[in-house]
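Undergrad: What follows is a predicted structure for the sequence shown.
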Amino acid sequence: MIHLLTQVVLTFMFSHRNHTNHAYISLGSNLGDRAGNLLLALRGMMEAAMVISRVSSVYETEPVSAVAQPAFLNMVVELGNPLPAPEQVMARLLRVEYALGRTRELKDGPRTIDLDLLLYGDAESDTQFLRLPHPRLHERRFVLTGLAEIAPFLAHPTLKRTTTDLLESLEDKSVVKIWMP
C-alpha cells in the first residue's frame, strides 16, 4: 500500500510539473535612472525566485506612443527552469513593477519600469489577466531586436516564424540602437 501511495504521489508531482524550458520578458524604462531601473527590475525578478538564464543588450528606442515622452531603454531576458506557472510569473512581474514605482495613470505613458511576459514556452492564454503570446510582440522592433539577439531561432507559437524572421519582415521602421552609458 505504501509503495502504491508513493507511486501515486510521484506521478502527480511529476505529471503536474512545468516542463516548459523558457519564458521571455521584455523590460523597458523611460523615467528616472533608466538603466538603474532595469537593473533593479532584474534584481526584483531574481528575488521573486525567477531564474534569469540569458540577457540581451540594452537598447535605446523612441516611444511607440502618441504620448510625448522620453526615450526608452529596453532589453529582453530569458527565464529558465524552474518556472512558476505563467499566471504566477505575471503576478510576480506586476509586484516588481509596483515595487519600482510603476503607475498606470496614462495608457502608453511614461513609466519607471514596464515588464511584459512575451512568451512562455508554447503556452497560449487569452484572459483578462494574461495574454500569451504577448499580442504585440511580433509588431515591435524594440522587443524583437532583443529577443532575436538571445533567441534567434525561437519560434512564435501561433505565427510559426522565428524571431529573426519576424524581425527581418517587420514593418516597424523605428530606430533601435545599442545603448552606451
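TA: Looks like it came in fine.

Undergrad: From now on I want contacts and neighbour counts done on CA atoms only, so please keep to that.
TA: Will do.

Undergrad: Spatially central, which residue of this structure would that be?
TA: Centrality entry for the chain: nearest residue to the mean C-alpha point is I25, 1.3 Å, by C-alpha atoms, centre = their mean.

Undergrad: where does that residue fall, helix, sheet strand or coil?
TA: strand (DSSP: H, G, I helix; E, B strand; the rest coil).

Undergrad: what pairs with it across the strands?
TA: In this entry, I25 is beta-bridged to V77, L117, by DSSP bridges.

Undergrad: which residues sit in contact with G121?
TA: If you count contacts by C-alpha atoms under 8 Å, 6 or more residues apart in numbering, G121 has them with T20, N21, H22, A23, P157.

Undergrad: ok, so what distance separates it from E78?
TA: 11 Å (C-alpha to C-alpha, to the nearest Å).

Undergrad: I'd like to know which elements the helix or strand that contains E60 is packed against.
TA: Assessed by DSSP states H and E, E60 sits inside strand 59-61. Counting contacts by 3 or more C-alpha pairs under 8 Å, 6 or more residues apart in numbering; DSSP states H and E, strand 59-61 is packed against strand 72-80, helix 141-150, strand 176-178.

Undergrad: right, and the ones you listed - which one's nearest D126?
TA: The closest of the helices and strands packed on strand 59-61 to D126 is helix 141-150. By C-alpha to C-alpha, the value is 20.2 Å.

Undergrad: can you list the residues that contact that closest one?
TA: With contact meaning C-alpha under 8 Å, 6+ apart, helix 141-150 is reached by 24, 26, 54-59, 61, 74-78, 137-138, 154, 163-164, 166-167, 170, 172-174, 176.

Undergrad: what's the answer for stretch 38-54, then?
TA: 27-29, 77-84, 89, 92-93, 96-97, 100, 113, 150.

Undergrad: let's see it at 6 Å
TA: V77, E78, L79, G80, V96 (C-alpha atoms under 6 Å, 6 or more residues apart in numbering).

Undergrad: So for G121 and E78, which residues contact both of them?
TA: Contact criterion C-alpha under 6 Å, 6+ apart; residues shared by G121 and E78: A23.

Undergrad: what about V67, neighbour count?
TA: Residues near V67, counting by other C-alpha atoms under 10 Å, number 12.

Undergrad: Excluding sequence neighbours, find me the nearest residue to it.
TA: Distances taken as C-alpha to C-alpha, 6 or more residues apart in numbering put G109 closest to V67, at 6.1 Å, once the chain neighbours are dropped.
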